[in-house]
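Asks: Just the structure for this:
(4 chains)
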Protein chains: 4
Amino acid sequence: VSRGRLEAFSDGVIAILITIMVLDLRPPAGSGFGDLHPLLPKLLVYVLSFTFLAIYWVNHHHLMQVVERINGGVLWANTILLFSLSLVPAGTAWLGEHPRATAPVFVYGVMLLLCAISYYVLCLALLRVHDPASRLAVALGRDWKGKGSLVAYVVALPVAFVAPLVSMGLYIAVAITWLVPDRRIERVTGQDVVAPPEAD
Amino acid sequence: VSRGRLEAFSDGVIAILITIMVLDLRPPAGSGFGDLHPLLPKLLVYVLSFTFLAIYWVNHHHLMQVVERINGGVLWANTILLFSLSLVPAGTAWLGEHPRATAPVFVYGVMLLLCAISYYVLCLALLRVHDPASRLAVALGRDWKGKGSLVAYVVALPVAFVAPLVSMGLYIAVAITWLVPDRRIERVTGQDVVAPPEAD
Amino acid sequence: VSRGRLEAFSDGVIAILITIMVLDLRPPAGSGFGDLHPLLPKLLVYVLSFTFLAIYWVNHHHLMQVVERINGGVLWANTILLFSLSLVPAGTAWLGEHPRATAPVFVYGVMLLLCAISYYVLCLALLRVHDPASRLAVALGRDWKGKGSLVAYVVALPVAFVAPLVSMGLYIAVAITWLVPDRRIERVTGQDVVAPPEAD
Amino acid sequence: VSRGRLEAFSDGVIAILITIMVLDLRPPAGSGFGDLHPLLPKLLVYVLSFTFLAIYWVNHHHLMQVVERINGGVLWANTILLFSLSLVPAGTAWLGEHPRATAPVFVYGVMLLLCAISYYVLCLALLRVHDPASRLAVALGRDWKGKGSLVAYVVALPVAFVAPLVSMGLYIAVAITWLVPDRRIERVTGQDVVAPPEAD
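Replies: Now for the predicted structure:
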């Protein structure tokens, strides 16, 4: 019940965030192919941010599948995660206009770090209301990938002052490691998520 | 059935409102850290409005959990609440640009007052179709926090003509009192909302 | 199953339409109360359009409660209704800037007429797959209110060339008649829609 | 379970995409009927894009009805489809301003091709986790219409350099062929989708 509505609200917010970023892909004034040229960095940054938000959606989806209990703390941890994710369109718009400048690359990294910390806090809030032997606790395990991402962001931030493109490379590398589906939870729920047609 | 769709529609509207506010966090023209400076008051007002909308979502969520009946009056009271909430992005955009001016602070307070009154009317509409011994009636109880918020807004409005920042402080104080989860309803539904994995 | 997703998609579209209209309530450049003055007609037109979209949502909600069958024709009739409703924000933005000019008032009326016709076509598409003795057919009955609204819009259109404010009055009058809950369907489903807390 | 949330997220994204396009139908500066004239091509392109997104929604809806299993690959194929669809508003905005110019017509075609390929990949990802005798495999069959659409887009792209309006005609022709409901899946699920009132 409660979990269903939490999922629905989170899905709604993430779906809106992932699509309003497209509002910054303004069509060029001219009508020639050359007029598209300045849009290219914006498009690439959009792809990166779309990927990050999609990763959060998929992970949130997997996480919620093994959740058994929710309390007020979980609701607020989830709200803070949604707030952090809501900064992504603004960060994307700035980075899309200055993809090689230190400040936008740094701010984009701070924003990714905030999202990662919020997600981590949500996991902690969930673990507090679950048994150490619960499917959730087993599925989360040691969370090497989550901790590795945090380290990568923390490294990328000072690097942005020297070589912003290296920081960008680190962000992209983190995204790629997450594109691999989360085996931890699939291990617990079974290889395929089965949704028989009569069960809807 | 009916309640589910009312929740879904309300969630959709609140999710959109909470995220379109981010469209006003336009990236600065320049690419330096200093260019972010004028964004700071906008960001703080955005945090405040995000918090208010999230509080309404959480309270609406808790309220609906104990609802047993819905009629046309409830539908319209809920619609008026959504209308009031829909004014939040406009009020936020104005206040974000002039966070110390009397008029935007006053209008923001009127908007918060409207939302609080609408929520109160929704509770009354629900109480009319519920038994005095129902879980809803017990959960709502005397509603000191709701009434206290109304008083705080009414006080903050004239204060905005003398000291707008004091009014802002009152708005923030109200938000903080609501961040504490609503024990009234948790008392009725049990400490944790249990959503067993097989029940979805 | 299918009906649930049709409702969810329709709710999503209507929720977005009803909220993106607020994006046109741009905050004034100045920070005084006088700067709000030009916003007033926009706000009133916004209230009218919000009310119309809310009426469509409530009626759609009531209608779907008695639907037993859906086919491809119903899906497309519903899509055409959503398309017609999607024109409301654009019509609202134009009318909000020129609330006494013939062309915006006329176009707003054409838009309302389109929505009403689409809703009527959706009802016909549903009746085609339902039995004349079905709850849907009984609930829809003679539909005097729907037909009366169509007549009011058709009258309002030529009137806009002579007295736009009279046309506006007609639009408002139609909205008011619909604010009364639809007894036809409540008669069939029972006075209160009961959603027991354990049934969600 | 999982399928339900995949549907809900996809519905949310498509509902937002289909409605934010309306944000580009900016009201004209003037208040006369003549001021609407330049909006006409924008409106027609909007109708075309609305139709395409609605077709994807209806087909996605039909497809999901026969899905029995989902895995990580399906989630990502679906995400790539949503990404492709998210480019539609930007392509629409550019084409709406230059409906007879080669570059916008070509880019619009590339965008439609991307959507079609993504949908095809999603079908392949689903077939990989379904039995050849499953309802899904039977329903998809040879997919002549899907393959024909791909061919039409591939033909339309070079044609845009010679006669952009012919390419536009091809896009419209493809849309019309899809407006006919997908008999392949209706054949499998039965002629009417029955949603009894007590089953919601």
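
Asks: Now do the helices in chain A.
Replies: A:2-20, A:39-65, A:72-86, A:88-97, A:102-128, A:135-140, A:144-159, A:164-179, A:183-189 (DSSP state H).

Asks: If you average the pLDDT over the shortest one, what comes out?
Replies: So the one you mean is helix A:135-140. Averaging pLDDT along helix A:135-140 yields 85.

Asks: and what of the third one?
Replies: Average pLDDT, helix A:72-86: 92.

Asks: What is it packed up against?
Replies: Packed against helix A:72-86, as judged by 3 or more CB pairs under 8 Å, 6 or more residues apart in numbering or on different chains; DSSP states H and E, are the following elements: helix A:2-20, helix A:39-65, helix A:102-128, helix B:2-20, helix B:39-65. The C-beta positions use only the backbone N, C-alpha and C, and glycine is treated the same way.

Asks: Now mean neighbour count too, for the helices of chain A, in a markdown table please.
Replies: Below are the helices of chain A laid out as a markdown table (neighbours: other CB atoms under 10 Å in any protein chain shown):
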| stretch | mean neighbour count |
| --- | --- |
| helix A:2-20 | 24 |
| helix A:39-65 | 20 |
| helix A:72-86 | 21 |
| helix A:88-97 | 25 |
| helix A:102-128 | 21 |
| helix A:135-140 | 19 |
| helix A:144-159 | 16 |
| helix A:164-179 | 17 |
| helix A:183-189 | 16 |
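
Asks: Hmm, A:A54 is touching A:I18, no?
Replies: Yes: A:A54 lies in contact with A:I18 (CB atoms under 8 Å); the separation is 6.9 Å.

Asks: what residues do those two have in common as contacts?
Replies: Both A:A54 and A:I18 are in contact with D:L82, where contact means CB atoms under 8 Å, 6 or more residues apart in numbering or on different chains.

Asks: Which one of the helices and strands packed on helix A:72-86 lies nearest to chain C?
Replies: helix B:2-20 (3.5 Å; CB to the nearest CB).

Asks: what packs against that closest one?
Replies: helix A:2-20, helix A:72-86, helix B:39-65, strand B:69-70, helix B:72-86, helix B:88-97, helix C:2-20, helix C:39-65.

Asks: so where's chain A shaky on pLDDT?
Replies: When residues are selected by pLDDT under 70, those of chain A lie in A:1-2, A:181-200.

Asks: what residues are up against the residue nearest the centre of it?
Replies: With distances taken as CA atoms, centre = their mean, A:Y56 lies nearest the centre of chain A, 3.4 Å away. Listed by CB under 8 Å, 6+ apart, the contact set of A:Y56 reads A:I14, A:L81, A:L85, A:C115, A:Y119.

Asks: for A:L44, same thing?
Replies: A:L44 touches A:P99, counting by CB under 8 Å, 6+ apart.

Asks: before we move on, what about A:V129?
Replies: A:R69, A:I70, A:N71, A:G73, A:V74, B:D192.

Asks: State the distance from it to A:P99.
Replies: Distance of A:V129 to A:P99, given as CB to CB, to the nearest Å: 42 Å.

Asks: and what of A:D131?
Replies: To A:P99, A:D131 is 46 Å away according to CB to CB.

Asks: Compare the two and say which is more crowded by neighbours.
Replies: More crowded of A:D131 and A:P99, by other CB atoms under 10 Å in any protein chain shown: A:P99, with 20 against 12.

Asks: The more buried one: what's it in contact with?
Replies: Applying CB under 8 Å, 6+ apart, the residues contacting A:P99 are A:P41, A:L44, A:V45, A:V105, A:M168.

Asks: repeat that for 10 Å
Replies: Residues in contact with A:P99 (CB atoms under 10 Å, 6 or more residues apart in numbering or on different chains) are A:L40, A:P41, A:K42, A:L44, A:V45, A:L48, A:V105, A:Y108, A:P164, A:L165, A:M168, B:S31.

Asks: ok, so of those, who is nearest chain D?
Replies: A:K42 (9.9 Å).

Asks: and the closest residue to the closest one other than its chain neighbours, how far is that from C:S49?
Replies: Of all residues not flanking A:K42 in the chain, A:G96 sits nearest, at 3.8 Å (CB to CB, 6 or more residues apart in numbering or on different chains). Noted for A:G96: a distance of 33 Å to C:S49, by CB to CB.

Asks: again, but for A:A77
Replies: Using CB to CB, A:A77 is found at 37 Å from C:S49.

Asks: For D:G148, state which of the contacts of A:V129 is nearest.
Replies: If you rank those by distance to D:G148 using CB to CB, A:I70 comes first, at 48.0 Å.

Asks: The closest one against A:W76, yeah?
Replies: No: in this structure A:I70 lies outside contact range of A:W76 using CB atoms under 10 Å: 11.0 Å.

Asks: which residues do those two both contact?
Replies: Here A:I70 and A:W76 share the contacting residues A:A125, scored by CB under 10 Å, 6+ apart.

Asks: Got the phi and psi for A:V129?
Replies: phi -100, psi 10 (degrees, to the nearest 10).

Asks: Relative to chain C, how far out is it?
Replies: 21 Å (CB to the nearest CB, to the nearest Å).

Asks: How about that residue, nearest residue that isn't a chain neighbour?
Replies: Spatial nearest neighbour of A:V129, excluding adjacent residues (CB to CB, 6+ apart): A:R69 at 4.5 Å.

Asks: same question, A:I14
Replies: Of all residues not flanking A:I14 in the chain, A:W57 sits nearest, at 4.9 Å (CB to CB, 6+ apart).

Asks: Next, the contact list for the one you found, please.
Replies: A:10-11, A:14-15, A:17-18, A:85, D:5, D:9, D:13, D:75, D:79, D:82.

Asks: what's the burial count for A:S31?
Replies: For A:S31, using other CB under 10 Å, the count is 18.

Asks: now A:V180
Replies: 9.

Asks: That one contacts D:G72, correct?
Replies: Yes: between A:V180 and D:G72 there is a contact at 8.4 Å, judged by CB under 10 Å.

Asks: got the phi/psi numbers for the residue lying closest to A:P38 once chain neighbours are set aside?
Replies: Spatial nearest neighbour of A:P38, excluding adjacent residues (CB to CB, 6+ apart): A:P28 at 7.2 Å. Phi and psi for A:P28, reported as degrees, to the nearest 10, are phi -70, psi 160.

Asks: I'd like to know how many residues surround A:P28.
Replies: 18.

Asks: Surely it touches D:A101?
Replies: No: in this structure, A:P28 is not within contact of D:A101 by CB under 10 Å, at 11.3 Å.

Asks: Touching both of these two, which residues are there?
Replies: D:W94.

Asks: can you pull the contacts of the nearest residue to A:L43 once chain neighbours are set aside?
Replies: Excluding the flanking residues, the one nearest A:L43 by CB to CB, 6+ apart is A:L25, at 6.7 Å. With contacts defined as CB under 10 Å, 6+ apart, the neighbours of A:L25 are A:L39, A:K42, A:L43, A:Y46, A:G96, D:S86, D:L87, D:P89, D:A90, D:G91, D:A93, D:W94.

Asks: Roughly how far does A:L25 sit from D:A90?
Replies: For A:L25, the distance to D:A90 - CB to CB - is 4 Å.

Asks: just A:E97 next, same as before
Replies: From A:E97 to D:A90 the distance is 16 Å (CB to CB).

Asks: same check, this time on A:N71
Replies: In terms of CB to CB, A:N71 sits 42 Å off from D:A90.

Asks: same check, this time on A:P38
Replies: The value you get for A:P38 to D:A90, if CB to CB is used, is 14 Å.

Asks: What of A:A133?
Replies: 49 Å.
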